[in-house]
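Chemist: Would you be able to build a 3D model of this:
(one chain, ligands or ions: 1)
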Amino acid sequence: MYTYMKGMLYCLYCKKETEHTIVYEGDMIKKIKCDECGTELEIDKEKAKKNYTEDFINRIFTKPQRMTEELQKDLTAFLLSLPIRIVTKPYRVLEEVKEQIDKIRRKDI
Ligand SMILES: [Zn+2]
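Modeler: The predicted model follows:
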(Lines give C-alpha, C1' and ligand atoms only; values in the text may rest on other atoms or scores of the structure.)
Protein backbone atom coordinates (compact mmCIF):
# COMPACT_ATOMS: atom_id res chain seq x y z
CA MET A 1 0.00 0.00 0.00
CA TYR A 2 1.33 3.40 -0.98
CA THR A 3 1.00 6.58 1.03
CA TYR A 4 2.05 10.04 0.01
CA MET A 5 3.52 13.01 1.76
CA LYS A 6 4.42 16.48 0.51
CA GLY A 7 7.61 18.31 1.32
CA MET A 8 9.81 21.11 0.08
CA LEU A 9 13.02 19.54 -1.20
CA TYR A 10 15.81 20.66 -3.46
CA CYS A 11 15.33 19.35 -7.00
CA LEU A 12 18.51 18.47 -8.88
CA TYR A 13 16.84 19.18 -12.18
CA CYS A 14 14.98 22.43 -11.35
CA LYS A 15 18.01 23.53 -9.31
CA LYS A 16 15.82 25.01 -6.58
CA GLU A 17 13.50 24.02 -3.77
CA THR A 18 10.21 22.73 -5.10
CA GLU A 19 7.30 20.80 -3.72
CA HIS A 20 7.93 17.09 -3.87
CA THR A 21 5.69 14.11 -3.43
CA ILE A 22 7.31 11.49 -1.28
CA VAL A 23 5.88 8.04 -1.87
CA TYR A 24 6.04 5.49 0.92
CA GLU A 25 5.49 1.80 0.40
CA GLY A 26 4.35 0.59 3.77
CA ASP A 27 6.59 2.49 6.15
CA MET A 28 9.54 2.92 3.82
CA ILE A 29 10.33 5.48 1.13
CA LYS A 30 9.71 4.13 -2.35
CA LYS A 31 10.38 7.21 -4.45
CA ILE A 32 10.50 10.98 -4.43
CA LYS A 33 9.00 13.03 -7.24
CA CYS A 34 9.40 16.70 -8.04
CA ASP A 35 5.96 18.18 -8.63
CA GLU A 36 7.36 20.86 -10.90
CA CYS A 37 9.45 18.95 -13.46
CA GLY A 38 8.32 15.38 -12.77
CA THR A 39 11.79 14.02 -12.08
CA GLU A 40 11.54 10.87 -10.02
CA LEU A 41 14.21 9.62 -7.72
CA GLU A 42 14.19 6.02 -6.77
CA ILE A 43 16.50 5.28 -3.93
CA ASP A 44 18.47 2.09 -3.89
CA LYS A 45 18.56 1.25 -0.22
CA GLU A 46 21.37 -1.24 -0.57
CA LYS A 47 23.64 1.34 -2.21
CA ALA A 48 22.61 4.01 0.27
CA LYS A 49 23.48 1.67 3.15
CA LYS A 50 27.10 1.64 2.02
CA ASN A 51 27.37 5.41 2.42
CA TYR A 52 25.30 6.06 5.53
CA THR A 53 24.81 4.70 9.00
CA GLU A 54 21.83 2.48 9.73
CA ASP A 55 20.40 5.12 12.10
CA PHE A 56 20.48 7.79 9.42
CA ILE A 57 18.93 5.50 6.81
CA ASN A 58 16.14 4.52 9.17
CA ARG A 59 15.40 8.12 10.03
CA ILE A 60 15.34 9.22 6.39
CA PHE A 61 13.54 6.22 4.95
CA THR A 62 10.88 5.59 7.54
CA LYS A 63 7.59 7.38 7.20
CA PRO A 64 7.34 10.21 9.72
CA GLN A 65 4.22 11.23 11.64
CA ARG A 66 4.43 14.49 9.77
CA MET A 67 6.87 16.21 7.45
CA THR A 68 9.12 18.35 9.61
CA GLU A 69 11.53 21.04 8.53
CA GLU A 70 14.39 18.99 9.91
CA LEU A 71 13.44 15.95 7.86
CA GLN A 72 13.10 18.08 4.72
CA LYS A 73 16.61 19.37 5.29
CA ASP A 74 17.95 15.87 5.89
CA LEU A 75 16.22 14.54 2.79
CA THR A 76 17.60 17.36 0.66
CA ALA A 77 21.11 16.80 1.98
CA PHE A 78 20.67 13.11 1.29
CA LEU A 79 19.46 13.68 -2.29
CA LEU A 80 22.33 16.04 -3.06
CA SER A 81 24.86 13.51 -1.84
CA LEU A 82 23.48 10.62 -3.87
CA PRO A 83 25.59 9.08 -6.60
CA ILE A 84 23.96 9.92 -9.93
CA ARG A 85 23.26 6.29 -10.80
CA ILE A 86 20.57 6.14 -8.11
CA VAL A 87 18.74 8.98 -9.77
CA THR A 88 16.17 8.05 -12.37
CA LYS A 89 14.40 10.45 -14.65
CA PRO A 90 11.15 9.98 -16.49
CA TYR A 91 11.39 9.48 -20.23
CA ARG A 92 10.09 12.97 -21.01
CA VAL A 93 12.87 14.66 -19.07
CA LEU A 94 15.52 12.41 -20.60
CA GLU A 95 14.34 13.39 -24.09
CA GLU A 96 14.60 17.09 -23.18
CA VAL A 97 18.11 16.58 -21.91
CA LYS A 98 19.06 14.74 -25.11
CA GLU A 99 17.65 17.58 -27.22
CA GLN A 100 19.71 20.10 -25.31
CA ILE A 101 22.85 18.05 -25.83
CA ASP A 102 22.08 17.74 -29.57
CA LYS A 103 21.63 21.50 -29.87
CA ILE A 104 24.94 22.16 -28.16
CA ARG A 105 26.67 19.62 -30.38
CA ARG A 106 25.23 21.11 -33.58
CA LYS A 107 26.54 24.52 -32.61
CA ASP A 108 30.01 23.09 -32.28
CA ILE A 109 30.12 21.70 -35.81
ZN1 LIG B 1 12.20 19.48 -10.43
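Chemist: Residue 62 - nearest residue in space that isn't next to it in sequence?
Modeler: Spatial nearest neighbour of residue 62, excluding adjacent residues (CB to CB, 6 or more residues apart in numbering): residue 27 at 5.6 Å. Every C-beta, even on glycine, is put in place using the N, C-alpha and C of the backbone.
Chemist: Does that neighbour touch residue 65 like I think?
Modeler: No - if you go by CB atoms under 8 Å, residue 27 and residue 65 don't touch, sitting 11.5 Å apart.
Chemist: So the two - more neighbours on which side?
Modeler: residue 27 (10 against 5; other CB atoms under 10 Å).
Chemist: burial of residue 44, as a residue count?
Modeler: By other CB under 10 Å, the residues close to residue 44 number 13.
Chemist: Pull up the gap between it and the ion, please.
Modeler: Noted for residue 44: a distance of 20 Å to the ion, by CB to the ion, to the nearest Å.
Chemist: Please apply the same query to residue 52.
Modeler: Taking CB to the ion, one finds residue 52 at 23 Å from the ion.
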